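Chemist: Fold the following, please.
(2 chains)
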There are 2 protein chains.
Amino acid sequence: MASSKPEEYNLIYWPGIPGRGEHIRLALEEAGAKYTDTAHTGGIDQVDAYVSGSVPDDGVNAPPFAPPILKHGSLVISQTSNILLYLGPRLGLVPDASKDPDGLYRVNALVLTAMDGLSDEPHDCHHPIATGLYYEDQKPESKRRAEDYVKNRLPKFLGYFERVLSSKAAGDGPWLHGGSLTYADLVLFQCVDGLRFMFRKAMAKAEREGKYAKVFGLYEAVKQRPRIKAYLESSRRQQYSMGIYRYYEELDIEP
Amino acid sequence: MASSKPEEYNLIYWPGIPGRGEHIRLALEEAGAKYTDTAHTGGIDQVDAYVSGSVPDDGVNAPPFAPPILKHGSLVISQTSNILLYLGPRLGLVPDASKDPDGLYRVNALVLTAMDGLSDEPHDCHHPIATGLYYEDQKPESKRRAEDYVKNRLPKFLGYFERVLSSKAAGDGPWLHGGSLTYADLVLFQCVDGLRFMFRKAMAKAEREGKYAKVFGLYEAVKQRPRIKAYLESSRRQQYSMGIYRYYEELDIEP
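Modeler: All right, here's what the predicted structure looks like:
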């Protein structure tokens, strides 16, 4: 089946922020895959066309609710963890199915947990009331939510991933599962990177304390992968701005 | 691989609420599968043991962050959509892989979108600031969030699923994908059922208006499946209480 599909992947995502699309980019970059990215080709119209339903019904793919969207040949799918699930085996970023047939489910669980606690929850720290309102319209609630996040949720999730990295299932080396790099490692890297931008004081303290040494070890190990390193230094890597991970001084809570 | 695993599935979830575990139960019940459920066997200790990390490291499975947890033979996995992804092909609740090899990704995207907008967001209507605080400690924020949810988010998500059900990819009949029942239909049923409990006024109006006729048609079609009907009338189906879908009169916003 894979052989009948084109070599090139098409990522459809908003320009101007790394956002959830970044998880897809990191997997494609690590694998050295060929892909196009609407972030660099005036993507707003293309994203809008899919999300508004003005892309004609092709009879095969349901309309996507939101980006990121992956187009691969005639297939169009959405949802970050779902796109990674599709790409993982194709890009060699999941355990070898002949040795670890259920590895894909183990990797997917780690990704969903990282997305919940280290991506969606940080997003809700600046949008606790309504995604349709500006941050400025929900500032007191954001402050309260960010305080709880930094004091309770962030240590809980960092502690969880430290525990995973310390379990026998993680195997030897810096990775989350089975002793080999999987796309779950790239997801955790991106979450930690975004959190370091958004919650500078809390993340600096977390790193200093040494309680999450394996989490920060994984972060550094991903950052030093040759293709990731080249990508991060390229213009393809976008700056944080008004996406999931934002810097507001008043939300940069002292832990 | 599947043949070397036991016939019986073990669901590990909190007792006392349908919760996210309900999505797993509905799939198992529709398929007539053999399963155990800690909700009926004093599950708090068993859930706590997994989540606190006191279950010994088995060398294969990473510790789960939160329930629902599925144990199947030596496999232990967590995250609702991930468990359904594992069960789907085993229970015959995904498209036939020989005819629709990418159907699983299409079904998974629908499930993730339903979980985001019709399960996680309703939950956050009574816990917009902190999951670790009581509702009573975040009542004004809850009211604001529920108002936005009922007026903006709920119509957006119901409209999205009406659009999916109206697309050619849905095929003939009441189902979301390919003209056959998949576990995505069971997930959407459970979300609509919970929303009817939580936002009575808004859901009654949505049904009356007829704008989401296909969504409510799917809801009724699932409800009339013989095994689902028998399950819903049994003591295995738990009542809504202090879980995701809660009834607070002040949050039952007039749309």
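
Chemist: Sort out which residues of the helix-or-strand element of chain A with minimal mean pLDDT are buried, please.
Modeler: Using mean pLDDT, DSSP states H and E, helix A:44-52 stands out as the lowest-scoring helix or strand of chain A, at a mean of 89. Going by neighbour count (16 or more other C-beta atoms under 10 Å in any protein chain shown), the buried part of helix A:44-52 is A:46-47, A:50-51. (Each C-beta comes from the backbone N, C-alpha and C, glycine too.)

Chemist: for stretch A:67-76, same thing?
Modeler: A:67-72, A:76.

Chemist: and if you look at stretch A:213-230?
Modeler: Neighbour counts over stretch A:213-230 (16+ other C-beta under 10 Å) mark A:214-216, A:218-219, A:221-222, A:225, A:228 as buried.

Chemist: do the least confident helix or strand of chain A and chain B meet?
Modeler: No - counting by C-beta under 8 Å from any C-beta of the partner chain, chain B has no neighbours in helix A:44-52; the shortest distance is 9.5 Å.

Chemist: For the residue lying farthest from the centre of chain A, give its distance to residue B:169.
Modeler: Residue farthest from the centre of chain A, counting by C-alpha atoms, centre = their mean, is residue A:59 at 29.9 Å. Distance, residue A:59 to residue B:169, using C-beta to C-beta, to the nearest Å: 6 Å.

Chemist: what comes into contact with stretch A:118-132?
Modeler: For stretch A:118-132, the surrounding residues in contact (C-beta atoms under 8 Å, 6 or more residues apart in numbering or on different chains) are A:20, A:133, A:135, A:137-138, A:141-142, A:144-146, A:149, A:153, A:157, A:188, A:191-192, A:194-195, A:198-199, A:244-246, A:248, A:251, B:120, B:124, B:128-129, B:141, B:144-145, B:148, B:152-153.

Chemist: just stretch A:220-237 next, same as before
Modeler: So stretch A:220-237 is in contact with A:18, A:25-26, A:29-32, A:37, A:40, A:174-175, A:181, A:185-186, A:188-189, going by C-beta under 8 Å, 6+ apart.

Chemist: are any of those buried, and which?
Modeler: Buried subset of the contacts of stretch A:220-237 (neighbour count, 16+ other C-beta under 10 Å): A:18, A:25-26, A:29-31, A:37, A:174-175, A:181, A:185-186, A:188-189.

Chemist: How about the contacts made by residue A:171?
Modeler: A:177-180.

Chemist: swap in residue A:176?
Modeler: Applying C-beta under 8 Å, 6+ apart to residue A:176 gives the contacts A:107, A:110, A:161, A:164-165, A:170, A:182, A:184-185, A:188, A:218, B:62.

Chemist: so can I have JSON lines of those showing secondary structure, pLDDT and distance to residue A:11?
Modeler: Shown next, in JSON lines, are the contacts of residue A:176 (DSSP: H, G, I helix; E, B strand; the rest coil; pLDDT from 0 to 100; distance: C-beta to C-beta, whole Å):
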{"residue": "A:107", "secondary structure": "helix", "pLDDT": "98", "distance to residue A:11": "20"}
{"residue": "A:110", "secondary structure": "helix", "pLDDT": "98", "distance to residue A:11": "22"}
{"residue": "A:161", "secondary structure": "helix", "pLDDT": "98", "distance to residue A:11": "26"}
{"residue": "A:164", "secondary structure": "helix", "pLDDT": "97", "distance to residue A:11": "28"}
{"residue": "A:165", "secondary structure": "helix", "pLDDT": "98", "distance to residue A:11": "29"}
{"residue": "A:170", "secondary structure": "helix", "pLDDT": "97", "distance to residue A:11": "29"}
{"residue": "A:182", "secondary structure": "coil", "pLDDT": "98", "distance to residue A:11": "20"}
{"residue": "A:184", "secondary structure": "helix", "pLDDT": "98", "distance to residue A:11": "19"}
{"residue": "A:185", "secondary structure": "helix", "pLDDT": "98", "distance to residue A:11": "20"}
{"residue": "A:188", "secondary structure": "helix", "pLDDT": "98", "distance to residue A:11": "20"}
{"residue": "A:218", "secondary structure": "helix", "pLDDT": "98", "distance to residue A:11": "24"}
{"residue": "B:62", "secondary structure": "coil", "pLDDT": "93", "distance to residue A:11": "28"}
